[in-house]
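Visitor: Show me how the following folds:
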Amino acid sequence: MTAALRIARAEWGFWLRSRLLRTALAVFGLLLTAIAVLSATRIETESARRAAQQQAAEAAFIAQPDRHPHRMVHYGHYVFRTPPPLAMFDPGIDAVAGQALFLEGHRQNSAAFAEAPSAAGVGAFGVPHPALAYQLLVPLLLIALGHAAFAREREAGTLAPLLAQGVRPAQLAAGKAIALGVAALAMLLPAAGLAALAVADGESPTVAALQMLLYAGYLVVWVLAVLLLGALLPRRADVLGALLLVWLATTLVLPRLAASHAATAAASGKIAADIALLEGLRNAGDGHNAADPAFDALRRQLLAQHGVERVEDLPVNFRGVVATIAEERLTALLNEAAERRMAQERAQSAQLAAFAWASPALATGIASRALSGTDLAAMHRFQREAEALRFEFVQGLNQVHANRLRYADDIQRSVDPEAERRTRVDASHWRLLRAFSFEPAAPAARRANAFAASVALAAWLVALALGLRIAVARLRP
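Guide: Residues are numbered from 1 along each chain as shown. This next block holds a predicted model:
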């Protein structure tokens with residue numbers, strides 16, 4: 001057995017002999033397991049509930065009776081954002097972002113039914129979950145276990161004899177690191193169980209493995225930090241105080257400051273953008289009013305194209321054509337506004353990510369949400385996919401309006417019961433609605449989104465490893 005392993009074994013023996021440390025290990029293990037089980041149960045239940053709601057919404061839309069197609073445009077449809085498999089480990093923004101979008105003609109609604117809207121800040125912790133426990137709580141266990149690693153040897157007078165017997169400082173540090181690292185990896189067992197369950201639910205094994213590697217790296221950061229300060233400071237009280245200060249600053253204070261900064265730094269120009277959007281919508285024309293001057297050119301073009309003088313003689317319903325063109329113009333304007341808003345949110349997220357170099361907890365959280373598919377990029381993708389479905393079914397109904405109804409009946413349906421009856425199309429047309437299922441982004445896309453924050457965490461690993469090497473080389477009794 002090498003010297004490093006003998007030292008690690010002695011360290012484990014000390015922890016097991018200490019009632020306080022033995023209790024801490026048991027409590028943390030049970031706590032992490034309980035959080036993992038509760039989180040898995042909650043996300044599995046939530047996923048099933050939203051999937052059932054999606055099916056019910058689609059069934060309700062298709063089951064509508066014969067109607068005027070434009071009434072179905074306003075009847076609308078709900079789509080639900082189903083959590084990805086790794087959300088059971090890191091639900092990310094799930095609790096603070098809307099679960100569903102109501103899709104209807106002439107507008108783009110915001111996501112609704114957030115579980116915790118009051119915590120919707122970009123840095124909010126939200127509902128307790130395993131990722132949060134590993135980011136905040138496990139470092140406290142590592143601090144409790146390892147803060148006295150070197151100070152205890154000094155205070156007990158065993159450091160000088162160890163070095164005199166030929167144990168090199170690097171071997172001593174390696175033994176302490178092995179002992180603390182094994183404890184950290186043992187705490188990852190509940191997380192590994194969740195990763196395996198996520199893979200069974202369809203998650204990419206590569207992404208699940210990278211998620212576990214990310215948190216292993218984060219805990220190693222804390223192992224190195226604990227040993228570094230232990231090697232630099234002479235007394236265990238000094239080491240413990242310094243480590244708690246570092247923990248408080250990097251896991252609580254800096255992420256909150258980063259979130260506050262991000263919430264304000266990139267937010268500007270909203271009023272001007274809203275006014276410009278309203279002006280654009282006004283110029284686009286009212287799709288409910290075929291006599292709107294915005295459609296005069298369209299009327300002349302259709303009359304000339306079909307060689308007729310009245311819209312009543314067109315082979316298509318002019319009101320349906322107007323609805324189609326108006327929706328196209330309006331959607332282009334709304335999409336531009338939505339992209340500007342998303343760009344602003346991405347800028348805020350970038351402001352937050354800049355602080356990852358100052359906080360390994362923040363770097364880990366950003367990369368974790370990206371790998372899990374529960375980050376801002378996932379929410380934006382949900383909004384885009386939902387909008388694509390909205391535009392598709394609304395324009396499909398507008399095409400039915402234009403091609404299946406006579407203009408003469410359409411303009412008389414509010415005063416002539418027979419005309420109103422003839423403008424009801426068969427309910428089979430509602431089947432043009434496509435089934436919606438929100439799936440996680442491709443593994444490559446999620447890896448790319450997590451790359452920058454992972455590099456920041458790797459930089460912490462390298463810097464602390466170098467610092468520990470230098471500090472251990474100068475280790476003295």
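Visitor: Now residue 147, what are its backbone angles?
Guide: phi -60, psi -30 (degrees, to the nearest 10).
Visitor: repeat for residue 108
Guide: phi -120, psi 110.
Visitor: Tell me where the stretch 1-150 of the chain has helices.
Guide: 3-17, 19-62, 69-75, 130-136, 138-146 (DSSP state H, counting those that start in this stretch).
Visitor: which one of those helices lies closest to residue 255?
Guide: helix 130-136 (9.1 Å; C-beta to C-beta). (Each C-beta comes from the backbone N, C-alpha and C, glycine too.)
Visitor: secondary structure class for the residue of the chain positioned farthest from its centre?
Guide: Here the centre of the chain is the reference, and by C-alpha atoms, centre = their mean the most remote residue is residue 309, at 55.9 Å. On the three-state scheme (DSSP: H, G, I helix; E, B strand; the rest coil), residue 309 is labelled coil.
Visitor: For the residue nearest to it when sequence neighbours are not counted, which residues are in contact?
Guide: Take residue 309 and drop its neighbours on the chain: the residue closest to it by C-beta to C-beta, 6 or more residues apart in numbering is residue 303, 6.5 Å away. The contact partners of residue 303, taken as C-beta atoms under 8 Å, 6 or more residues apart in numbering, are 309, 310, 311, 314.
Visitor: Please export the C-alpha coordinates of stretch 400-417 as PDB.
Guide: Extracted in PDB, the C-alpha atoms of stretch 400-417 (Å, rounded to 0.1, in the frame of the first residue of the first chain):
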ATOM      1  CA  VAL A 400     -60.300  26.800 -45.200                       C
ATOM      2  CA  HIS A 401     -62.000  30.200 -44.800                       C
ATOM      3  CA  ALA A 402     -60.700  31.400 -48.100                       C
ATOM      4  CA  ASN A 403     -61.300  28.200 -50.200                       C
ATOM      5  CA  ARG A 404     -64.400  26.600 -48.600                       C
ATOM      6  CA  LEU A 405     -66.700  29.600 -47.900                       C
ATOM      7  CA  ARG A 406     -68.500  31.900 -50.400                       C
ATOM      8  CA  TYR A 407     -67.900  35.600 -50.000                       C
ATOM      9  CA  ALA A 408     -71.600  36.300 -50.300                       C
ATOM     10  CA  ASP A 409     -72.500  34.000 -47.500                       C
ATOM     11  CA  ASP A 410     -69.600  35.200 -45.300                       C
ATOM     12  CA  ILE A 411     -70.700  38.900 -45.400                       C
ATOM     13  CA  GLN A 412     -74.400  37.900 -44.700                       C
ATOM     14  CA  ARG A 413     -73.900  35.300 -42.000                       C
ATOM     15  CA  SER A 414     -74.600  37.700 -39.100                       C
ATOM     16  CA  VAL A 415     -78.000  38.700 -40.500                       C
ATOM     17  CA  ASP A 416     -79.000  35.600 -42.500                       C
ATOM     18  CA  PRO A 417     -79.400  32.300 -40.600                       C
END
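Visitor: quick one on the thing from earlier: element containing the residue nearest to residue 309, please.
Guide: Using DSSP states H and E, residue 303 falls within helix 296-306.
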